[in-house]
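Asks: coords please:
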Amino acid sequence: YRLLAMHSMEEKVYSRAVTKQAMSHRVADKKQVDRNYSMADLEELYHFERVDMAARPNAAPAEDELLSNLLWSKHKLIFRYHTHETMLDNKTEQDLTEAEKKVAWAQFKSKHHTTGAVAGLGLDILGGGLGPTDSQLSDPDLDS
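Replies: As a prediction, this is how the structure comes out:
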């Protein structure tokens, strides 16, 4: 578990980290790319909003004894808690069947009238799936 200040930069960064980690569970990526933040993103990080502590949700008891004691003894200072792992649970009910995946690709191809690699992104969607184009497969720089 993590203790975070409500509506703070720390909470916003944590939320982004969890989102990024969740995406990494679903996407295999061999390269790391730089993250570029806009000025609006940075301004949002520095924005602080006060919260009405009376509006705090009733949480289920924590399984961890130390956290339970902390939640009890410092209840006026802690707005809420959640377990990190539950945010990353695989939602198997949201998995698509192979037939649904084929229909989705057909709809995508039809909507975008794509006739080859997608707009310079190197994604060969007409060749049978979302993946590297033939030229990328022979590119030695992609192997590292």
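Asks: now do the SS call for Ile78.
Replies: Assigned with DSSP: H, G, I helix; E, B strand; the rest coil, Ile78 falls in the coil class.
Asks: wait, isn't it in contact with Leu71?
Replies: Yes. Using Cβ atoms under 8 Å, Ile78 makes contact with Leu71 at a distance of 5.8 Å. The C-beta positions use only the backbone N, C-alpha and C, and glycine is treated the same way.
Asks: now do the domain split for this structure, please.
Replies: Listed domain ranges for the chain are 9-94, 98-143 (source: automatic domain parsing).
Asks: any idea of the mean pLDDT for the longest one?
Replies: Meaning domain 9-94. Averaged across domain 9-94, pLDDT comes to 73.
Asks: kindly report the same for the last one.
Replies: Across domain 98-143, pLDDT averages out at 61.
Asks: how near is the residue nearest to Arg56 when sequence neighbours are not counted to Met39?
Replies: The shortest distance from Arg56 to any non-neighbouring residue, by Cβ to Cβ, 6 or more residues apart in numbering, is to Phe79 (5.0 Å). According to Cβ to Cβ, to the nearest Å, Phe79 and Met39 sit 29 Å apart.
Asks: quick one, which of those two is more surrounded?
Replies: Neighbour comparison, Phe79 and Met39: the larger count goes to Phe79, with 18 against 7 (by other Cβ atoms under 10 Å).
Asks: quick check, the more buried one in contact with Asp52.
Replies: No. Taking Cβ under 8 Å as the definition, Phe79 is not a contact partner of Asp52, at 9.7 Å.
Asks: quick one, helices of this protein?
Replies: 9-26, 39-46, 65-73, 98-112, 134-137 (DSSP state H).
Asks: could I get those helices as TSV with distance to Thr92?
Replies: Converted to TSV, the helices of the chain look like this (distance: least, Cβ to Cβ, whole Å):
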stretch	distance to Thr92
helix 9-26	13
helix 39-46	33
helix 65-73	28
helix 98-112	14
helix 134-137	31
